[in-house]
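> sharing a model prediction with you, sequence too.
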Amino acid sequence: MNTENVLNLSSGPHVRDRWSTRFIMHVVALSLLPASVVGVAVYGLKALWIILVSIGTAVATEFAFDKLCHRPDTWKDGSAIVTGLMLALTLSPNTPLYEPFLGSLFAILVVKCCFGGLGKNFVNPALAARCFLLISFSNTMTDFSVDGVSAATPVAELAAGRVVNITQMFLGTANGVIGSSILALLIGGLILWSLDIIHGQICFSVLGGFTLFMGLFGGQGFDPYFLAAHLCGGGVVLGAFFMATDYVTSPVSRLGQTVYGVMIGVLGAMFRIFGGAADSFSYSIIIANLFVPLIDTYIISKPYAFRKKAIQRQNGVTPAPLLQRIPKPVVTLAVIALISGLALSGVFSMTKDTIDQQKLEAAWAAYQEVVPTAEGFEAVPAAEDFKGEVYGSGFGRVYINEVVAGTDANGDLAGYAIAVTSAEGYDGNVGLSVGVSPDGTVNAISFTELHETPGKGMLCGEPEFMDQFHDRHADAFKLLPQGGGTAENEIDSVSGATVTSRAVVNAVNAALDFYHNVIEGGAA
Amino acid sequence: MNHTFRGGVHPNDQKAFSREAPLRRFDPTGEMVFPVAQHIGKPAKPVVAKGDQVLVGQMLAQGDGFVSANIISSCSGKVKAIEKRRIISGAMAECVVIENDGLFTPVEGMGEAQDVDALSADEILAKIQQAGIVGLGGAGFPTHVKLKPRDPAAIRYVIANGAECEPFLTCNDQLMRTEAAAIVAGLRIMLRLFPNAKGYIGIEDNKPEAIGAMRAAAGDEFEVLALHTKYPQGGEHNLIQTVAGVDYPVAKLPADVGCVVSNVGTIYAIERAVAHNEPLFSHVLTVSGDAVENPGNFIVRDGTCFRELVEACGGVKGDGPRKVLSGGPMMGFAVGTLDVHVQKTTNGITMLSADEVEQAQAAMTACLHCGRCTTVCPAGLLPQLMAEAAEIKDYERYEKKLYGLECVACGSCTYICPAKRPLTQTFKQTKAEIMAIKRAAQAGGAK
């Protein structure tokens, strides 16, 4: 029994839970498996390659950093796998492979290792890398085209006021990033939540804050279809369950976590409603990440024995009922939220008239542009009958807003200006005025509303595209996606912006149809 | 109704090693060592000299002042020395060493039945003080002090702590099964001191036999609560939270919130002292772990050498222990040798063939900020932020903003930490440092 020399001494406790950092990281990675599988099933092997390159680069980068800097082997802890996988799931399946490579490199090397490795990064590495890629490769990062024909993500469609298929979004078969299957993400997220790996305070306050703000200020109230569509799109679920809950970049106390979650949800909804970018959810999480040190400094829960209720009990007082015990910060936050909400909606309604006025002036300027010889305009009453309804068939969702007849200095008819809007732009409405001379020739077109992708859809506003309609006589124009048109009625699409080009051509055709059938047809 | 507290962890309770081993009296043969400081408060002063003959139940050292406790001999024999010996904590401390004659001759009158009803409250307290009883749950707070709060009438809850939430330990389980009536009688004696109190007995629900035995013995007199099995259910704060629904800061005593909590072992000792005139010189103890041949539960005499007890269990098993703990693995101390001696508060010897701390140190990573420590902290602290503040020695934030001194070192945060960080250990050290700074500041101010 000569055991003395091998007895270990240490301070207690002397037993440890079986869960390790590695175990938790691997569980998180596994919880993303359903979403990855659906992504690969829907988008094919290219999605699998993106996932593999992203994970591989992340792990290899950390491995290389450990070796070069003579640090402990942190690449084994599984956190690089999670970062790589999360980044891959936020990418479009059409992303060229150098992007996940550069993204993972950036995430691990710059955001994680350079700030001290695991537990020291100040923003979520995967999201920071995604934002880095969005800024660096805005073209390919937002390329969700299917079989070479560009297509919009459901959130972009939603922003344009169009109908989206929620079932497809929920299942992940809609257009989007690799990890866009809400069902698969929910399965993974709820597993993590039930295992207590992620904190419910965070994910549910993100979803709650988002839904509430969307409902209050989204302009469509608490319409279940509208809210569900927004919740299912644009990475809200991925963000709420997997990104916002990132341990390192979320607060410690429960109240802090709730504040942080609501902040993400509200910011995300605000960016959706008032902002332009459909990828705004990433930014809202990154911004909230930056507030975490502040939250952890100021929103700290007291130990149980120092809470009001406990102190009352210690003094033999029975605590007041629940309603009177709502903590002050909650009341304060609610009041602040209410005031800012009212202020926001106030600003919106105050500026609404001005905006409308400006739109009207822009319209008159456009009429002048497309019927240059006109000295005055007079509305064509027949157009009133078509207001607010989709015009004709075969033009997509096109609306005839207003039709005016221009008269020249002699009082003779100079031509018609037809204001038309297509709701099928890549990023919302495309509004334009079409000038038609009395003989049916198109004078010119002029945009009154165009906010498409810079470098792509926006090129439709350039003379190169617009001038194709100049002085052309046709009953209907035909769009050539590949270009090379020679005939009078052929229009070359802006390369890579088929959606916008088609919207413009449809709008012009609708205007011509109106001219031929309504005005010439004798109704006016 | 689920009786539990917030937070806590579920370590493997490891009770199967010894849960069915009946309590055995163990009479040692070797020399017996009695440290004069086995309790919170001033060390006792020896009242015997080298060469004196002593008997079982005889006082060896007398409590120095009110907050102190008498030390009682558990054997008969000759005082061999009064000298510094290595004790369980690893320190060298003043001890009375007795050459055990193996006869265990008791002092006159010990074990005689007493008429408890005839005793006044003060007489009961005097007997408890005389018997050298301290809290046997681990802290070793003198029981006569605990039972004499400023206002006894304000005590509403007298709670017998039979939770035994520490892994491996089963001796209180066995004690409750076999001595239920005596524990109930002891609780009854305690309630004599508190006119407005009601008695409760809290037992974790992994001990159904003990719950059954105590319910049978308590009848309608006391409520036996089956507590959710979760560590640290037996912590004083957590038990009071569970039974009385009150949280209180470490600066307060249970009595300040109308509670008195005593371990069932202590209550048994009170019964022995008051009703049978038998001072505290023996108590229950579990020898367990995977590195001992036959784990068992004992009624062990104070001063017994660990080595004798391990041999009584058939000796070490396999390659022997990697780590030996006095107590259980959550709150116990690691001892460097088996040549240390049982004290009043020693409730277990745990022999482990593998050291999980060693393994944890190898697997340690940076803090993930996962928040598991915050979830399990039974005091509602934020261990993750406390560790950060301790690391940069921001003691102001540690104490004032994070209430770091409220940590009772239950070890739940260290247990649960997936990054295997030594949180509790850091907090113990930080607390010691802050206290040292405060003492220095006070000493400076006094000049």
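Cool, got the structure. Residues are numbered from 1 along each chain as shown, chains lettered A, B, ... in the order given.
> for the stretch 201-350 of chain A, what spans make up the helices?
A:224-232, A:236-238, A:254-274, A:280-298, A:308-314, A:328-370 (DSSP state H, counting those that start in this stretch).
> whoops, I mixed them up, chain B
Taking DSSP state H to define them, one finds helices in chain B at B:121-130, B:143-146, B:171-178, B:180-192, B:208-218, B:236-244, B:264-276, B:306-312, B:356-362, B:372-376, B:383-391, B:395-396, B:412-416, B:423-446.
> who does the shortest one touch, helix- and strand-wise?
Think helix B:395-396. Judged by 3 or more Cβ pairs under 8 Å, 6 or more residues apart in numbering or on different chains; DSSP states H and E, helix B:395-396 is in contact with helix B:423-446. Placement of C-beta: from N, CA and C, glycine included.
> do the helix it packs on and chain A meet?
Yes - for helix B:423-446, a contact with chain A is found by Cβ under 8 Å from any Cβ of the partner chain, at B:Thr424, B:Gln425, B:Lys428.
> just the buried positions in that helix, please.
B:Leu423, B:Thr424, B:Gln425, B:Thr426, B:Phe427, B:Lys428, B:Thr430, B:Lys431, B:Ile434 (16 or more other Cβ atoms under 10 Å in any protein chain shown).
> redo those residues as TSV? Include pLDDT and distance to B:Val274.
Formatted as TSV, the buried residues of helix B:423-446 follow (pLDDT from 0 to 100; distance: Cβ to Cβ, whole Å):
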residue	pLDDT	distance to B:Val274
B:Leu423	94	42
B:Thr424	93	37
B:Gln425	92	40
B:Thr426	94	43
B:Phe427	95	39
B:Lys428	93	36
B:Thr430	94	42
B:Lys431	94	36
B:Ile434	94	40
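> can you tell me which of the residues you listed lies nearest to chain A?
Of all the buried residues of helix B:423-446, chain A sits closest to B:Gln425, with 4.5 Å by Cβ to the nearest Cβ.
> domain ranges for the chain, per the record?
As the question left the chain open, I've gone with chain A. Per automatic domain parsing, the structural domains of chain A span A:20-301, A:371-523.
> meant chain B actually
Described in terms of automatic domain parsing, the domain architecture of chain B consists of the residue ranges B:1-25+B:113-354, B:360-446.
> from the chain's centroid, how far away is the longest one?
Centroid separation between domain B:1-25+B:113-354 and its chain, computed with Cα atoms, centre = their mean, to the nearest Å, is 7 Å.
> that one vs chain A: in contact?
Yes - under the criterion of Cβ under 8 Å from any Cβ, domain B:1-25+B:113-354 makes contact with chain A via B:6, B:9, B:11-12, B:167, B:237, B:241, B:245-250, B:252, B:256-258, B:307, B:310-311, B:315-316, B:320-325, B:329-338, B:352.
> average model confidence for that domain?
In this model, domain B:1-25+B:113-354 has an average pLDDT of 93.
> same deal with stretch A:389-402?
Averaging pLDDT along stretch A:389-402 gives 82.
> so A:Pro481 touches A:Thr498, yeah?
Yes - A:Pro481 lies in contact with A:Thr498 (Cβ atoms under 8 Å); the separation is 5.1 Å.
> ok, those two, which is more surrounded?
A:Thr498 (21 against 15; other Cβ atoms under 10 Å in any protein chain shown).
> got the phi and psi for the nearest residue to A:Glu449 once chain neighbours are set aside?
Spatially, and ignoring its direct neighbours in sequence, A:Glu449 is nearest to A:Gly431 (3.2 Å; Cβ to Cβ, 6 or more residues apart in numbering or on different chains). Main-chain dihedrals, A:Gly431, degrees, to the nearest 10: phi -110, psi 140.
> what about A:Gly431, how many residues nearby?
23.
> can you check the one 3 residues further on too?
Here the count is done by other Cβ under 10 Å, and A:Val434 has 28 residues near it.
> A:Pro224 now?
By other Cβ under 10 Å, 9 other residues sit near A:Pro224.
> and the gap between it and A:Glu490?
Distance check for A:Pro224 against A:Glu490: by Cβ to Cβ, to the nearest Å, it reads 45 Å.
> just A:Met86 next, same as before
Taking Cβ to Cβ, one finds A:Met86 at 46 Å from A:Glu490.
> who has more neighbours, these two?
More crowded of A:Met86 and A:Glu490, by other Cβ under 10 Å: A:Met86, with 28 against 16.
> give me phi/psi at the closest residue to the more buried one other than its chain neighbours?
Once flanking residues are discounted, A:Met86 sits nearest to A:Ala126: 3.8 Å by Cβ to Cβ, 6+ apart. A:Ala126 adopts backbone torsions of phi -60, psi -40, taken as degrees, to the nearest 10.
> sort out which residues of stretch A:444-452 are buried, please.
Those would be A:Ala444, A:Ile445, A:Ser446, A:Phe447, A:Thr448, A:Leu450, A:His451, A:Glu452, for stretch A:444-452 by 16+ other Cβ under 10 Å.
> hmm, which two among those residues are most spread apart?
Using Cβ to Cβ, the pair of those lying farthest apart is A:Ala444 and A:His451, separated by 20.9 Å.
> the residue nearest to B:Thr426 when sequence neighbours are not counted: neighbour count?
Once flanking residues are discounted, B:Thr426 sits nearest to B:Ala390: 5.2 Å by Cβ to Cβ, 6+ apart. The tally of other residues near B:Ala390 (other Cβ under 10 Å) stands at 23.
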